[in-house]
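Undergrad: sharing a model that was predicted from the sequence below.
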Amino acid sequence: MDIIRVEGVTKGYPDHPVLSDLTLSIKKGECFTLLGPSGCGKTVLLRLIAGFESPESGKIFIDDTPVADLDAGIEVPPENRGIGVVFQDYAVWPHMTVFENIAYPLKIAQRPKDEIQSRVMEMVDIVGMHGLDKRLPSELSGGQQQRVALARALVGKPSLMLLDEPLSNLDANLREEMRFEIKELQQKLGVTVLYVTHDQEIGLAISDRVAIMDEKGVIQQIGTPWEIFERPVNPFVFNFMGIANFIDVRRDGPNFFVGTGTQPIPWAEKPVGDATAWVAGFRPSDVTISREGHGLRGVVRRANFLGAMMDYLVEIDGTQLRTALETHRAISENLILQAGDTCNIDFLALHWFEAEKLKGVKME
Ligand SMILES: Nc1ncnc2c1ncn2[C@@H]1O[C@H](COP(=O)(O)OP(=O)(O)O)[C@@H](O)[C@H]1O
Ligand SMILES: [Mg+2]
């Protein structure tokens, strides 16, 4: 069953449109991530769902009940939508203790004192803040403050939680730890989560399904993290999900060549279709590098040591490719290369796109 249904929603501001005829549904109990570049309209969508903004047209349903429908004159206020919200800049209140912060929504709802006491203390435990309920936010770490914000969003027992880049102000290590905590919390409480972020890794790590939104606010693909990463429907999705190489490939008879080069490509995985102009996408780690082995002959143009990985920019028939190799492997296989060295590049995975269909697609 769908817990959120957004049907044909349009929303813009005087100078520019943001969302146009957007349709999206989220199933009960899932952790759904909306991934898209900054400024594409993610926060606008969350604010529409939460009820802080109204759509110009279209409808929004929560649990099959319309909460926004201009034509029918329906506009349910945020506090009656049964949603917990954590915004990036929706910080905890500095003058209130942990307890008071978490208790706030229940106080506003005028719940009885003993209920507030027991529910807040339960949430304090659930988010791992036992014994810290009397502290002020200034006496907490960034991660602990974010837990308070999560507890405050969850204390009213919403069946749906909207999270808007809640970890982007945290440092990298904490971000990684907190994303697993959010996932655990979601599973423990059985709450549906709609998480929006521009961070691909978080999307892959915590989601049951992911939607990829482009810079114009159009959803390009919805699928499991695996589908999005391994079966991108177009170069925008492929590019957005990590460092990508795109090489022009031309077909000449039965053979395929890089750019205007003359080395026939020995790839097993060829594109399906009769077109002569293709674009092949791959990630730096989708290659094997050797000094003399199978593959296309190339020249290293730049070699960078990145710690765990060696990053080689390799030129093949005039086309430059970003490739990566684990440093330990590079050492054990005598593959510490320098600019000017020759090498052979073979491909483990390639994503084929017809060049003709890519006209107008933005690929950075
Ligand atoms: N209240 C507003 N008035 C005018 N423009 C806005 C307003 N809120 C958002 N926008 C614009 O809408 C676009 C999408 O914004 P937003 O949803 O915040 O992007 P993001 O995907 O980074 O969350 C941006 O171009 C932003 O400038
Ligand atoms: Mg935003």
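TA: Now that the structure is in, tell me what you want to look at. Ligands and ions are numbered 1, 2, ... in the order given.
Undergrad: which non-adjacent residue is nearest Arg51?
TA: Just so we're on the same page, residue 51 is Gly rather than Arg. Pro78 (3.8 Å; CB to CB, 6 or more residues apart in numbering). For glycine as for every other residue, the C-beta is placed from the backbone atoms N, C-alpha and C.
Undergrad: how much space between the one you found and Val155?
TA: Using CB to CB, to the nearest Å, we find Pro78 at a distance of 16 Å from Val155.
Undergrad: out of these two, which sits in the busier spot?
TA: More crowded of Pro78 and Val155, by other CB atoms under 10 Å: Val155, with 24 against 14.
Undergrad: circling back: the residue nearest to Gly51 contacts Ala50, doesn't it?
TA: Yes. Counting by CB atoms under 8 Å, Pro78 touches Ala50, with 5.4 Å between them.
Undergrad: joint contacts of those two?
TA: Common neighbours of Pro78 and Ala50, counting by CB atoms under 8 Å, 6 or more residues apart in numbering, are Val85.
Undergrad: what is the neighbour count of Leu136?
TA: Other residues close to Leu136 by other CB under 10 Å number 15.
Undergrad: quick check, pLDDT for it.
TA: We have a pLDDT of 95 for Leu136.
Undergrad: which ones are touching it?
TA: By CB under 8 Å, 6+ apart, Leu136 lies in contact with 94-98.
Undergrad: in PyMOL, select just the buried ones from the residues you listed.
TA: A single PyMOL command selects the buried members of those (16 or more other CB atoms under 10 Å):
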select buried, resi 97+98
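Undergrad: which single one of the contacts of Leu136 is nearest to ligand 1?
TA: Ligand 1 has its nearest neighbour among the contacts of Leu136 in Pro94, at 24.5 Å by CB to the nearest ligand atom.
Undergrad: give me the nearest residue to that closest one, chain neighbours excluded.
TA: That would be Pro137: by CB to CB, 6+ apart, it lies 5.2 Å from Pro94.
Undergrad: quick one on the thing from earlier: so of the contacts of Leu136, which ones are in strands?
TA: Among the contacts of Leu136, none falls in strands (DSSP state E).
Undergrad: JSON lines for the contacts of Leu136, including pLDDT and distance to ligand 1?
TA: Shown next, in JSON lines, are the contacts of Leu136 (pLDDT from 0 to 100; distance: CB to the nearest ligand atom, whole Å):
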{"residue": "Pro94", "pLDDT": "91", "distance to ligand 1": "24"}
{"residue": "His95", "pLDDT": "95", "distance to ligand 1": "28"}
{"residue": "Met96", "pLDDT": "95", "distance to ligand 1": "27"}
{"residue": "Thr97", "pLDDT": "96", "distance to ligand 1": "31"}
{"residue": "Val98", "pLDDT": "96", "distance to ligand 1": "28"}
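Undergrad: give the buried residues for the longest helix anywhere in the chain.
TA: Using DSSP state H to define each element, the chain has its longest helix at helix 172-189. Within helix 172-189, the residues scored as buried using 16+ other CB under 10 Å are 174-175, 178-179, 181-183, 185-186.
Undergrad: state the next helix or strand along the chain beyond it.
TA: Past helix 172-189, further along toward the C-terminus, the next helix or strand under DSSP states H and E is strand 192-197.
Undergrad: OK, contacts around Pro55?
TA: Contact analysis of Pro55 by CB under 8 Å, 6+ apart lists 9-11, 48, 68, 70.
Undergrad: in a helix, it, correct?
TA: No. Counting by DSSP: H, G, I helix; E, B strand; the rest coil, Pro55 is not part of a helix but coil.
Undergrad: grab the nearest non-local neighbour of it.
TA: Using CB to CB, 6+ apart, the nearest residue to Pro55 is Val9, at 4.6 Å.
Undergrad: same question for Asp286.
TA: Nearest to Asp286 is Ala349, by CB to CB, 6+ apart, at 4.4 Å.
Undergrad: so how far is Trp267 from the one you found?
TA: Distance from Ala349 to Trp267, by CB to CB: 10 Å.
Undergrad: same check, this time on Leu140
TA: For Leu140, the distance to Trp267 - CB to CB - is 54 Å.
Undergrad: over to Asn101?
TA: 57 Å.
Undergrad: the two: who's more crowded?
TA: Taking other CB under 10 Å, Asn101 and Trp267 do not tie; Asn101 has more neighbours (24 against 16).
Undergrad: got the contact list for the more buried one?
TA: 92-93, 137, 148, 152.
Undergrad: now render those as TSV, adding secondary structure.
TA: Below are those laid out as TSV (three-state DSSP):
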residue	secondary structure
Val92	coil
Trp93	coil
Pro137	helix
Val148	helix
Arg152	helix
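Undergrad: so among those, which ones count as buried?
TA: Buried subset of these (neighbour count, 16+ other CB under 10 Å): 92, 137, 148, 152.
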